[in-house]
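Asks: sequence unknown, structure follows:
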């Protein structure tokens, strides 16, 4: 198999050096060039035709977002953004423009974060290389967004159902489209494991809250789960739930070994939800590399819950949904724009039958 | 993989890159100060602060990250025009940059001496004031918004061969946004962005800038074939935009400035499409020009190498030269043909290697010259002088050690020029000179020397006044005047204790004096000359060797000890027996062929060993030395030969020893002391 050819774009020589070093040490990867700004990047992409571009945002001459547009238009290169934490909005904009993955630049000193950077970067570049070029930009959909609803003030409100969602590569945009179609009136809580770089879950929760029109929070250990609210697992711990339908239900954030090389992994969430809520669980697996969530879907299915997987055409990477399908754990396999519909139907259905 | 070695490598990379960013910030601030309306440099400062923030966070330097973060925020308000560019603002950011420099060194070396908190607070306050003012302005009805005086419409054409037409077009629009407001484009901006245009497009900019300035700015962008003004004065194009309302509310009185420049300039760009070099009026002579002349490192293929490696290479090279000499000694003794061939091959190769090694140490003078615009600015501000600082010859290369050593002398000379050289503005006007004084720092290559010149167009030096001051101080006798040329009289100012400044000011009253400048130049094997014309200015020329680590020397023996005399100072070697030696005042003197009479001493006496014991009469050879205008004869026992010797960078190790500048190891392992010609002449300074 030929190596993955990578172009490294950053205005800092230090960062170029670090990124190049990290990628050069990874097997089957080759840094074919570096560029110091957007203009050089656009020219280098044309000339070198890299498989993957790692792209900085703030750069002289032409910034990363602008260069991204040109790169997507001119080439098949898959783009991994090198983001900084203080500007998450730009990162989401980059994902909308066609970047497929993003990694946060190290920020608490290389000595402590070199290994994390190295793991995440190599993983992101490999994932990106596996994505078909035509899947880089989500197809434009008619704006079916439900008008935003004001977040509801509500008292203690133990959910009667749980919706657990797993997603990874391509997930941020997919989740936005799912959340735009969800309702808060349903007495369900939405628990999400989206593989995000450290520090992004808070801003991602806010973003989802805006499109959903109901509260979406970054999960904390011991947090009481309420109906009509979404919870995003933070980086670095697995998320589990304990409790029972209509009874106090609590989030537990637990350390413990990575699963599939991931933490959070969706499987512990799905399995704990199935254990606590039995049939009152809807499991959803969206686009993503790997197979996280597939075993969780099996657990949900075995406990009598409903399972929904995103279909191959609308997935950026059909790894996780595909794995669930292959295990026979996906009851419904639907395009992204049907996922919210299926979830709502599932909630109504079990509401009617309970 | 993140072992200590990697971290050290990254720290090096961090330090050298942050030095570049710091310099970039200072350059940009000075450029900005010279033209506060053009916000291009603001972008540069903003981005540099942003990059430094990211880099220092990467390295775990939290204090640096915090300071650069607040600098970035402050520049963001400037970039968004939430506050104007003022001298105070520039001062603040310059001071912040100073703090930042210290902080980076502190943090990178693992220290915790520098606390940036006060500076962070100050920057934050400035940012908050601007932010709240901007918020208030946004809340108020936008009547007060200054309307652009008029629209200038440009037709811009991208080179047809350019592969990245839409990228270049984007850069054109971005640049124009720094100079005003892009009101409309044809085709539309979306089409341009997607490359849907045939290589040229028109753009209307709301600005009170002359069209020529816009043309200049745009034609500096790569692949822009031409830009011409096709319309001006805020006509139809502007009327269709929201700004038109503001124009009606607050019509600007001054469309005229744009008009009269345009009348002259408009036909020109069409005739000479791609000539960005046309000098723009006034400001361009000032600060910031220097920046554009600095050769970008990235233009050539380069790698970063830690200085310690370069120093080690020279040391090792030196050892190789020594080992080679030893090999040559052995070969000479054995006199085997094959050995001789091999040795001469080694000689040739190592000579080539040596040239290459020395070349790696060559650094463009721009590396140190670029720190001076900032210093000159601060100084001129302090002294209330209006100075135009010109820098030239930035790509001339010098050995890094030489370069490092001349920083301090140059600082002193520049201070001198600004403080003493340049007259107050009123005096200048009275003398019929422009109000703004010129100080010029330049470098040029002349054979195997580099000439570094500090010149001003100030009042010049008064030779006779200097002469009489020197007489007053007993340095010379009034009767000797005819023996001195004017240039030599000027050099008397470089004698310790000499000063003609009426009062010592804050500026030139501190730091090194002229005597130290001269001593430093000569210690480096250079020569200082001063030229001055009363009323029209003064010029200090430092003629410096390009390299200094390895020199050609004459080896001589005296009382059993071998000495190395730098060949540059040796004019002639004579056999003692043939010489017309006389005794004057009990001291032997030698009459040269040209009639000059020079003092003759033994080398032992000169370096202060066995004074009485040796008389020149015992010497078998005489070495004639010249230094500047002086000459001196030294008697030695034996001439050993001519050889390349290695001297380590002069770090003041031998500063206390007169007559000697160091030592070197010879091929046979013995040690030779290196004579310092400058010191030899210090005692007989003056008359010939």
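Replies: Cool, got the structure. Quick caveat, the model's predicted, so the values are computed rather than measured.
Asks: and the residue of the stretch 151-300 of chain A found nearest chain B, what does it touch?
Replies: Closest residue of the stretch 151-300 of chain A to chain B, C-beta to the nearest C-beta: residue A:199 (11.8 Å). Yep, even glycine has a C-beta here, placed from its N, CA and C like the rest. Going by C-beta atoms under 8 Å, 6 or more residues apart in numbering or on different chains, residue A:199 touches A:85, A:104, A:235.
Asks: least confident pick among the residues you listed?
Replies: Within the set of these, pLDDT is lowest for residue A:85 (70).
Asks: Am I right that that residue sits in a helix?
Replies: No - under the criterion used here (DSSP: H, G, I helix; E, B strand; the rest coil), residue A:85 is coil, not part of a helix.
Asks: Does it touch residue A:107 like I think?
Replies: Yes - using C-beta atoms under 8 Å, residue A:85 makes contact with residue A:107 at a distance of 6.6 Å.
Asks: between the two, which one's more packed in?
Replies: residue A:107 (22 against 16; other C-beta atoms under 10 Å in any protein chain shown).
Asks: who in chain B is up against chain A?
Replies: Within chain B, the positions near chain A by C-beta under 8 Å from any C-beta of the partner chain are B:1-2, B:6-7, B:9-10, B:13-14, B:17, B:43-44, B:47, B:50-51, B:54-55, B:57-61, B:65, B:163-164, B:166-167, B:170-171, B:174, B:193-194, B:298, B:304.
Asks: Please check these and keep the buried ones.
Replies: B:2, B:6-7, B:10, B:13-14, B:17, B:43-44, B:47, B:50-51, B:54-55, B:57-61, B:65, B:164, B:166-167, B:170-171, B:174, B:193 (16 or more other C-beta atoms under 10 Å in any protein chain shown).
Asks: Not counting sequence-adjacent ones, nearest residue to the closest residue to chain B within chain A?
Replies: Chain A approaches chain B most closely through residue A:109 (2.0 Å), counting by C-beta to the nearest C-beta. Of all residues not flanking residue A:109 in the chain, residue B:60 sits nearest, at 2.0 Å (C-beta to C-beta, 6 or more residues apart in numbering or on different chains).
Asks: Please work out how many residues are found near residue B:435.
Replies: Count around residue B:435 with other C-beta under 10 Å applied: 11.
Asks: so where do the strands sit in chain A?
Replies: A:4-9, A:29-35, A:52-56, A:78-83, A:101-104, A:161-167, A:188-194, A:216-218, A:230-232, A:238-242, A:250-254, A:281-285, A:306-310, A:332-334 (DSSP state E).
Asks: can you give me the helices for the stretch 151-300 of chain B?
Replies: Shown for the stretch 151-300 of chain B, the helices assigned by DSSP state H, counting those that start in this stretch span residues B:165-179, B:189-193, B:211-219, B:236-239, B:243-249, B:255-265, B:267-271, B:289-293.
Asks: need the residues of the stretch 51-200 of chain A near chain B, please.
Replies: A:58-62, A:66, A:69-70, A:73, A:84, A:105-112, A:114-115, A:118.
Asks: Filter these down to the buried ones, ChimeraX style.
Replies: The buried residues among those can be selected in ChimeraX (16+ other C-beta under 10 Å) with this line:
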select /A:58,59,60,61,62,66,69,70,84,105,106,107,109,110,111,114,118
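Asks: Show me the residues of the stretch 51-200 of chain A next to chain B that map onto helices.
Replies: Among those, the ones falling in helices (DSSP state H) are A:66, A:69-70, A:73, A:110-112, A:114-115, A:118.
Asks: picking that back up, quick check, the residue of chain A closest to chain B in contact with residue B:59.
Replies: Yes - Residue A:109 lies in contact with residue B:59 (C-beta under 8 Å); the separation is 6.1 Å.
Asks: give the contact list for the closest residue to residue A:190 other than its chain neighbours.
Replies: Closest residue to residue A:190 apart from its sequence neighbours, by C-beta to C-beta, 6+ apart: residue A:230 at 4.1 Å. Taking C-beta under 8 Å, 6+ apart, we find residue A:230 in contact with A:179, A:189-192, A:205, A:208-209, A:212, A:214-217.
Asks: Going by proximity to chain A, name the top residue of chain B.
Replies: Closest point on chain B to chain A, by C-beta to the nearest C-beta, is residue B:60, at 2.0 Å.
Asks: On the strand side of things, show who the residue nearest to residue A:190 bridges to.
Replies: Beta-bridge partners recorded for residue A:230 (DSSP bridges): residue A:190, residue A:216.
Asks: Could you measure from the residue nearest to residue A:228 when sequence neighbours are not counted over to residue A:283?
Replies: Spatially, and ignoring its direct neighbours in sequence, residue A:228 is nearest to residue A:184 (3.8 Å; C-beta to C-beta, 6+ apart). As for residue A:184, its distance to residue A:283 is 20 Å (criterion: C-beta to C-beta, to the nearest Å).
Asks: all strands of the stretch 101-250 of chain B, in order?
Replies: B:150-158, B:181-186, B:200-207, B:224-232 (DSSP state E, counting those that start in this stretch).
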